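1. Show me the folded form of this:
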Amino acid sequence: MQIQATHHGGVSTIHIKGELDNHTATMMREEIDSLLNQTKNQDIVYDFNGLSFMDSTGIGLLLGRYRKYQNKKNFFIKNVNNTIDRILTMSGVYKVIKKIN
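-> Below you'll find the predicted structure:
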């Protein structure tokens with residue numbers, strides 16, 4: 001699992017590569033919280049271009065970050081592969097974290 005953040009014009013993009021599952025979720029949660037606490041940007045984009053796998057633990061992580069920071073930040077998801085897109089659609093994640101192109 002790799003996480004890298006870039007910042008441009010009021011938007012912080014969190015690039016996630018690898019697998020997001022029970023084994024990587026704790027480390028990822030800590031890194032994402034650290035990034036979110038450091039930035040004053042209002043918009044956060046999760047870039048899943050390099051994400052190859054996500055299970056229900058990943059859904060919980062995304063929704064947990066949303067709940068924790070929803071009053072301070074807007075969240076978006078982009079570059080989702082077909083399999084992960086179906087998981088996010090069926091779980092209702094897109095109802096609270098919008099998918100963008």
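
2. roughly how far apart are Leu36 and Lys98?
-> Distance of Leu36 to Lys98, computed by C-beta to C-beta, to the nearest Å: 17 Å. In this view, the C-beta of every residue, glycine as well, is placed from N, C-alpha and C.

3. in the chain, which residue is closest to the centre?
-> Residue closest to the average C-alpha location in the chain (C-alpha atoms, centre = their mean): Tyr46, at 4.0 Å.

4. Let me see the contact set for that residue.
-> 13-14, 16, 62, 75-78, 97 (C-beta atoms under 8 Å, 6 or more residues apart in numbering).

5. Kindly indicate which of those residues lies nearest Gln2.
-> Among these, Ile16 lies closest to Gln2 (C-beta to C-beta), at 7.5 Å.

6. And the pLDDT at the residue nearest to that closest one when sequence neighbours are not counted?
-> In space, and not counting its chain neighbours, Ile16 is closest to Leu51: 5.1 Å by C-beta to C-beta, 6 or more residues apart in numbering. For Leu51, the model assigns a pLDDT of 97.

7. Ramachandran coordinates for Leu51?
-> Backbone torsions of Leu51, given as degrees, to the nearest 10, read phi -80, psi 120.

8. Could you tell me how many residues sit around it?
-> 22 (other C-beta atoms under 10 Å).

9. And what about the residue nearest to the centre of the chain, helix, strand or coil?
-> strand (DSSP: H, G, I helix; E, B strand; the rest coil).

10. Only the buried residues of stretch 68-77, if you could.
-> Burial within stretch 68-77, assessed by neighbour count using 16 or more other C-beta atoms under 10 Å, is assigned to 69, 73, 75, 77.

11. Who does the residue nearest to Ile16 form a beta bridge with?
-> Gly18 (DSSP bridges).

12. Can you give me the distance of it to Val80?
-> 8 Å.

13. confidence score at the residue sitting furthest away from the middle of the chain?
-> Centroid-distance maximum for the chain: Gly9 at 18.9 Å, with C-alpha atoms, centre = their mean. What the model reports for Gly9 is a pLDDT of 87.

14. More neighbours: which of Leu36 and Lys98?
-> Neighbours per residue, other C-beta under 10 Å: of Leu36 and Lys98, the larger number sits with Leu36, 19 against 13.
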